[in-house]
Every structure is written in C-alpha cells, then in structure tokens.
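>>> Give me the fold of what follows.
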Amino acid sequence: MKARTVSNARAVSDAELRAFLLDRLGLRGDYWPAAEAADRARELGMIQIDSICITGLRNHEIVWAARTGAGPQGFYDLLYGKAALRETHYPIFATRRDWLPMLNHAFDHRSKADAGDLERMKPVMRRVLRHLRAKGPATPADFVSDQVAGGFNTMKATTRALEILFYQGRVQIVGRTSGFQRVFDLTERATPELARRARPKKRDYERFIVNSALEVLKIATEDQVARRAALHYGSWRGGNLPYWREVTARLLPELAEPAVATEQENEICWSRPQDAAGWDAAARDPGETLRFAAPLDNLLFDRARFSALFGHDYKFEAYTPAHRRRFYFALPMLWRDRLAGLVDAKIDRDETVPTLRVTGIELMAPVPADALRAGVHRFARLAGAERLAVDTRVTRDLRKALVGKLAE
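Coordinates of the predicted model:
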C-alpha cells in the first residue's frame with residue numbers, strides 16, 4: 001500500500017527507527033528497575049505466552065528477562081498475583097487487564113461459532129461451573145470425562161467446556177501449574193468487571209482496536225497497524241482486513257503522529273503522542289548490554305518490519321520439519337541497536353552440573369567478546385544453568401569466550 005503524504009512529519013533514518021522501537025519496547029538502555037517493571041510491562045499491551053521450554057525459559061519468561069535482567073517470577077506475580085494482566089485471546093497473550101472489556105468483545109463472535117456444540121455441552125458446562133463455585137479454581141486435570149473432538153485431535157469434554165465458558169466470558173485463566181496447565185476460576189470472582197461488560201459503541205470500539213494495535217507495535221506503517229488491528233478484532237473471523245484498513249486510514253491522523261522513514265522510500269510511520277519521549281531516548285547511547293529477544297517477542301510481531309529495519313529475516317522454526325530448518329528455538333541477539341546474531345540453545349539438566357548447550361549460533365555483527373560472554377552467561381544463569389557448552393562448530397576465539405563455568 002502506497003503511503004499517504006502528510007505535512008509536519010519528522011524525518012528519521014533506519015537507525016533512529018530501530019533505536020526508537022527498541023526503547024519503547026524496553027529492549028534498549030538500562031534494565032527496568034524493579035519498582036517500574038509492572039507499569040513498563042503493561043505498556044507493552046500484550047505479551048505472547050508459549051509453552052515451549054527448550055532453553056529453560058519459555059517465550060514470555062524470555063520477554064521478561066530481556067527487559068528486567070531478572071528471572072520469571074516477577075512476571076508471574078504480575079500476571080497471576082497482582083492480576084494486572086490476564087491471559088486472553090488466541091494465540092494466548094498476557095494482556096492488559098483494562099483492555100479486556102473491549103478486547104474480549106471479539107469472543108462474542110467466537111462463542112457463537114461454538115453454537116453447534118452448546119446443547120451437547122451444556123450439562124458438562126453446568127458440572128464444571130458447579131465444581132468451580134463449590135471448590136474454587138481448578139485445572140482440566142481436576143475433571144474426569146469422555147473425549148470429544150477438539151485440540152489437535154480429541155480432548156476431554158470438560159476441557160472443551162472450560163474453553164467454551166472462557167469464550168463466553170464466564171471463566172478466566174488465573175494461574176498455571178508447575179506443568180504449565182491452565183488454572184480456571186469464575187469470572188465473577190477473578191475479574192468481576194468482565195462479568196458486567198456491556199456492548200461497546202462502534203466508534204469507541206474502532207478507536208480502541210486501532211489504538212491498542214499501535215500501542216503494541218509502538219511504531220508502524222498504516223498497513224502494519226491495520227493488520228494488527230485485524231488480529232485484535234479476531235483473526236478467526238476472516239475477511240476483515242479491508243474493513244480495518246479503512247478504519248485505520250480514517251483514525252490514524254487523530255490518534256498518532258507521523259514520521260517519514262527516509263531510507264524506506266519515504267514511507268510514513270506512525271507512533272502515539274505518548275511515546276514521543278522515545279525520540280529523545282533514541283539519541284542517547286544504548287550501552288553495551290547484549291540481550292536475547294524471545295522468538296515471539298513483541299519486537300517480532302511484524303516480521304516484515306523487523307526485516308526492513310534490521311536487514312535480516314527471522315523465522316520461528318520450532319514447527320518446521322527438522323530436515324528443513326536451520327535452528328529450532330533461535331533467539332535474536334541484540335547489541336547496540338543491531339541484530340548481532342542468532343543463537344539456538346537447550347538446557348541439559350541431566351548433567352551433574354546443569355548446562356546450557358549452544359546447538360547453533362550465527363553472528364551477524366561484531367560484538368566484543370566480553371559483552372557476548374556477559375550476555376550469554378547471564379541468560380544461562382536465568383535459565384537455571386551453571387555452566388555453558390557449545391555443541392556446534394565455532395571459531396576457537398568464540399568457543400573460548402563462551403564455554404565454561406558461568407561468569408558472575
């Protein structure tokens with residue numbers, strides 16, 4: 001889509017765009033202080049939750065570690081303790097709680113798609129609700145029932161009932177077990193404001209969808225915002241992108257400020273006025289910290305934007321057949337506003353000393369050995385390792401920089 005012409009737009013280079021984006025996403029400069037971490041995490045809008053745990057940390061835990069320099073407990077305290085975020089949407093996201101009355105409006109459509117199952121599932125749903133009322137929060141494992149169609153093939157009828165109740169807004173996900181199973185509770189008890197949600201006015205809903213899409217992306221073209229808006233509206237609805245392109249084109253000038261990306265054919269990028277401080281922050285030195293971005297980090301929500309700004313494509317290959325992939329759970333390494341490389345690693349807890357094994361690595365920019373070692377070793381410690389090994393061919397200097405007992 002050809003960008004519109006706007007007046008009074010800021011002219012910015014790719015380097016400034018990268019710095020602005022990384023700053024607004026919390027991936028630049030100092031780690032978030034503990035006292036600010038909760039508010040800063042909420043400013044991300046949504047953090048994708050994923051169950052894969054190859055490195056010793058799951059996607060959302062890596063997102064937290066990259067910004068706070070700390071282990072994942074603070075994230076879980078925020079999500080399940082303070083409940084400032086809630087699990088919602090599909091794929092599963094930890095989402096700002098104050099967004100849910102609007103964002104979960106999309107589930108009205110999703111729950112209607114379950115209408116064919118409703119009559120058959122109503123007795124099971126009533127049983128699940130009685131259990132929750134009487135005994136409090138429960139996991140799918142707390143129920144015994146027949147198998148029905150669902151999931152990758154079949155699932156327990158009670159699990160299917162919990163999913164329908166979730167999309168109807170009658171239950172919420174309030175925790176995870178040590179095995180990462182969902183814990184459900186009644187909406188009226190866990191998130192009472194959702195039990196009383198009213199149908200939003202169309203104009204308010206449209207503004208929320210476009211604004212929340214831009215808040216998640218931080219800076220984006222009109223088409224990128226429209227695509228994200230369509231996802232917030234509900235990707236399962238299908239055929240709604242033209243509508244959200246029209247809405248986005250109409251609302252962006254009211255909600256956002258333009259900048260001209262001079263190295264991207266003068267394409268217009270948009271950011272919220274609330275993020276204007278990011279341009280001043282982008283002018284400051286980024287520091288020497290090497291960070292690992294999660295495979296499903298907010299930075300990578302728009303892969304085309306990432307490729308254009310960082311000069312490299314990124315593919316999450318965990319679900320790619322083994323013979324066709326280069327990496328499995330490759331983590332982008334960020335250093336001084338650049339993509340420094342990719343590293344693939346897995347935790348080995350069967351060793352006498354828990355070890356993080358680097359199974360693949362590609363450097364795309366020179367990084368001082370001490371910065372590389374500090375970044376990799378810090379990640380390994382957060383993942384629960386005590387030493388680092390390299391199980392792939394690398395130069396002698398790189399092996400020397402990485403291998404061994406973790407640096408303090």
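
>>> Output the contacting helices and strands for the lengthiest strand in the chain.
Secondary structure of the chain per DSSP state E: the longest strand is strand 338-348. On a contact count with 3 or more C-beta pairs under 8 Å, 6 or more residues apart in numbering; DSSP states H and E, strand 338-348 meets strand 331-335, strand 355-363, helix 369-382. The way it works is simple: take the backbone N, C-alpha and C, and place the C-beta from them, glycine included.

>>> Could the C-alpha coordinates of the helix or strand just after the longest one be exported in PDB?
Along the chain past helix 369-382, the next helix or strand (assigned with DSSP states H and E) turns out to be strand 387-390. Taking C-alpha atoms only, strand 387-390 is exported to PDB below (Å, rounded to 0.1, in the frame of the first residue of the first chain):
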ATOM      1  CA  ARG A 387      27.900 -23.900  33.000                       C
ATOM      2  CA  LEU A 388      27.800 -23.300  29.300                       C
ATOM      3  CA  ALA A 389      28.800 -25.700  26.500                       C
ATOM      4  CA  VAL A 390      28.900 -25.300  22.700                       C
END
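
>>> before we move on, back to that, so which of the helices and strands packed on strand 338-348 comes closest to residue 277?
Residue 277 sits nearest to strand 331-335 of all those, at 20.4 Å, using C-beta to C-beta.

>>> Just the buried positions in that closest one, please.
Across strand 331-335, burial judged by 16 or more other C-beta atoms under 10 Å covers 331, 332, 333, 334, 335.

>>> for it, packing partners?
Packed against strand 331-335 by the contact rule (3+ C-beta pairs under 8 Å, 6+ apart) you find strand 291-292, strand 338-348, helix 369-382.

>>> Quick one: low-confidence residue ranges for the stretch 1-150 of the chain.
Scanning the stretch 1-150 of the chain for pLDDT under 70 picks out the ranges 1-5, 108-115, 150.

>>> at 90 instead, please
Applying pLDDT under 90 to the stretch 1-150 of the chain flags residues 1-9, 88-91, 103-121, 144-150.

>>> Now do the helices in it.
In the stretch 1-150 of the chain, the helices defined using DSSP state H, counting those that start in this stretch lie at 14-24, 34-43, 59-68, 73-76, 100-103, 107-113, 115-135.

>>> To residue 294, which of those lies closest?
Across these, residue 294 has its closest neighbour in helix 59-68 (3.8 Å, C-beta to C-beta).

>>> What lies in contact with that closest one?
26-27, 31-32, 34, 37, 40-41, 47-50, 52, 55, 57, 70-72, 74-75, 94, 291-298, 331, 379, 382 (C-beta atoms under 8 Å, 6 or more residues apart in numbering).

>>> for the record, mean pLDDT for the longest strand of the chain?
Averaging pLDDT along strand 338-348 gives 95.

>>> Let's see it as CSV, backbone CA atoms only.
Only the C-alpha atoms of strand 338-348 are listed here, as CSV (Å, rounded to 0.1, in the frame of the first residue of the first chain):
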residue,chain,number,x,y,z
ARG,A,338,21.6,-4.0,15.9
LEU,A,339,20.8,-7.6,15.3
ALA,A,340,24.1,-9.1,16.4
GLY,A,341,23.2,-12.7,15.6
LEU,A,342,21.1,-15.8,16.4
VAL,A,343,21.7,-18.4,19.0
ASP,A,344,20.0,-21.8,19.4
ALA,A,345,20.4,-23.4,22.8
LYS,A,346,18.8,-26.1,25.1
ILE,A,347,19.0,-26.7,28.8
ASP,A,348,20.5,-30.0,29.9
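
>>> what angle do it and helix 369-382 make?
Taking axes from the mean of the first three to the mean of the last three C-alpha atoms, to 10 degrees, one finds strand 338-348 and helix 369-382 inclined to each other by 40 degrees.

>>> Okay, buried residues for strand 338-348 please.
Buried residues in strand 338-348 (16+ other C-beta under 10 Å): 338, 339, 340, 341, 342, 343, 344, 345, 346, 347, 348.

>>> Let's have the residues you listed in JSON lines, adding distance to residue 305.
Below are the buried residues of strand 338-348 laid out as JSON lines (distance: C-beta to C-beta, whole Å):
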{"residue": "338", "distance to residue 305": "16"}
{"residue": "339", "distance to residue 305": "13"}
{"residue": "340", "distance to residue 305": "19"}
{"residue": "341", "distance to residue 305": "20"}
{"residue": "342", "distance to residue 305": "18"}
{"residue": "343", "distance to residue 305": "22"}
{"residue": "344", "distance to residue 305": "23"}
{"residue": "345", "distance to residue 305": "26"}
{"residue": "346", "distance to residue 305": "29"}
{"residue": "347", "distance to residue 305": "31"}
{"residue": "348", "distance to residue 305": "35"}
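
>>> hmm, back to that, single out the most deeply packed of the helices and strands packed on strand 338-348.
Burial of the helices and strands packed on strand 338-348 is given as mean neighbour count (mean count of other C-beta atoms under 10 Å); strand 331-335 ranks first at a mean of 24.

>>> what sits up against that strand?
22, 27, 55, 62, 288-295, 297, 299-300, 314, 339-345, 365, 367, 371, 375, 379.

>>> ok, residue 196 - contacts?
By C-beta under 8 Å, 6+ apart, residue 196 has no neighbours at all.

>>> what's the spacing between it and residue 205?
Noted for residue 196: a distance of 17 Å to residue 205, by C-beta to C-beta, to the nearest Å.
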